[in-house]
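Novice: Provide a 3D model corresponding to the input given below.
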Amino acid sequence: MRTLMLALAGLLAITLWLRHDNLNLSRSLATANRVASEQKTALATLNQQLSLSQRMARTNENAQVRLREELATAGEERARREATIGRLLNENEALRRWYTAQLPDAVRRLHTRSACASAAHCLQRLPEGEPLPDAGKRTRH
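Specialist: Reported below is the predicted structural model:
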């Protein structure tokens, strides 16, 4: 009988230990499932961000290609205009003299002024009666 009681006590101890171990494993499984769910959500978010970044990169690449094409077209147009101006200067003596002549003093003075950010800014800088700076001197700005 004593042996039977010891065997039952041993089985009870083993059962309690297994139950405790089972609870710990259940908690660990719940934690692992929660972490996996959070990681799945984070992965989905990162995939969306990656997709958006790739789409933006393609859009930027396409825009850069268009801008390069426009720049090349503008360069070709500039070269054509310069060639036309050169040809006209070579053909026309009056145009050549006009082209090489100095600008009038009033125009040169306008070219030495710094650019205005807005019309109001220009009005603030030039009160009435103030002369334009001399074309030969640098501005204070």
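Novice: all contacts plus neighbour counts: C-alpha atoms, from now on.
Specialist: Fine.
Novice: center of this protein - which residue?
Specialist: Asn60 (9.3 Å; Cα atoms, centre = their mean).
Novice: where's that one relative to Arg66, distance?
Specialist: 10 Å (Cα to Cα, to the nearest Å).
Novice: Going along the chain from the helix or strand harbouring Gln49, find the next helix or strand for me.
Specialist: Assigned by DSSP states H and E, Gln49 falls within helix 2-91. Once helix 2-91 ends, the next helix or strand along the chain (criterion: DSSP H and E) is helix 93-100.
Novice: what's that next one packed up against?
Specialist: Taking 3 or more Cα pairs under 8 Å, 6 or more residues apart in numbering; DSSP states H and E as the contact definition, the neighbouring helices and strands of helix 93-100 are helix 2-91.
Novice: elements contacting the helix it packs on?
Specialist: With contacts defined as 3+ Cα pairs under 8 Å, 6+ apart, helix 2-91 has these neighbours: helix 93-100.
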